[in-house]
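Visitor: fold the stuff below for me.
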Amino acid sequence: MPAMRVAEFMGHLQERVLSLLPPELRDGMLPRIRSSWFQAHYHSPKVHYEVWLTRKTARIEIGLHFEGPREFSYCWLGLMAEHTPEIMDGLGPEFEFEEWTPSWTRIHQTVPYDPLSEHLADEVARRLARIITVLQPIVELEVGNVPPGLERAQEPKKAARPRFRRGSAARRRSGP
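Guide: Predicted coordinates:
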């Protein structure tokens, strides 16, 4: 059987995830596919479930991402960490809570990036549906504990990098 194209894989993944979720988690979900990732959220796109195909590392990442300003993302990760025992009971010890970038955090696992196939899409969809089934009730419980305005907080601006002119280039422009 030939390998699936990324668009086919993602379309099948989305269809399977929706079919595996209970109706109360299917309703209200806002899914989207972009190139090599699938995302779905309920309240805010800054708190979303994601499947990311990363050929460079030969892994498929599956998890819940918090992608807002630093305080927002860390607040969410902290709230979720309070539920670590029930998360690990529901998902298993292979899940990691981690800082992903200086401002984004996630709860995730990775699986090997095998040739894309219907079988692999079904397996990833099964895992994602399980993640959503375990984590979304906790998200619903904690959404009111995120201080208002954190999602819209501005990141501190980075200092502008000074512009330097190379001495030899400056001399060439001004002559001998």
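
Visitor: the closest residue in space to Val143 that isn't next to it in sequence: neighbouring residues, count only.
Guide: In space, and not counting its chain neighbours, Val143 is closest to His43: 5.9 Å by C-beta to C-beta, 6 or more residues apart in numbering. Yep, even glycine has a C-beta here, placed from its N, CA and C like the rest. His43: 14 surrounding residues under other C-beta atoms under 10 Å.

Visitor: wait, Ser44 sits on Glu151?
Guide: Yes: counting by C-beta atoms under 8 Å, Ser44 touches Glu151, with 6.1 Å between them.

Visitor: shared neighbours of the two, anything?
Guide: Gly68 (C-beta atoms under 8 Å, 6 or more residues apart in numbering).

Visitor: more neighbours: those two, which one.
Guide: Using other C-beta under 10 Å as the criterion, Ser44 and Glu151 rank with Glu151 on top: 20 against 15.

Visitor: how close does the more buried one get to Glu140?
Guide: Applying C-beta to C-beta, to the nearest Å, the value for Glu151 to Glu140 is 16 Å.

Visitor: where does this protein dip in pLDDT?
Guide: Along the chain, the parts satisfying pLDDT under 70 run over 1-2, 152-176.

Visitor: tell me, what residue is most central in it?
Guide: What sits nearest the mean C-alpha location of the chain, by C-alpha atoms, centre = their mean, is His65, with 3.7 Å.

Visitor: which residues touch it?
Guide: Taking C-beta under 8 Å, 6+ apart, one finds Gln39, Val47, His48, Tyr49, Glu50, Trp100, Trp104, Thr105, Arg106, His108 in contact with His65.
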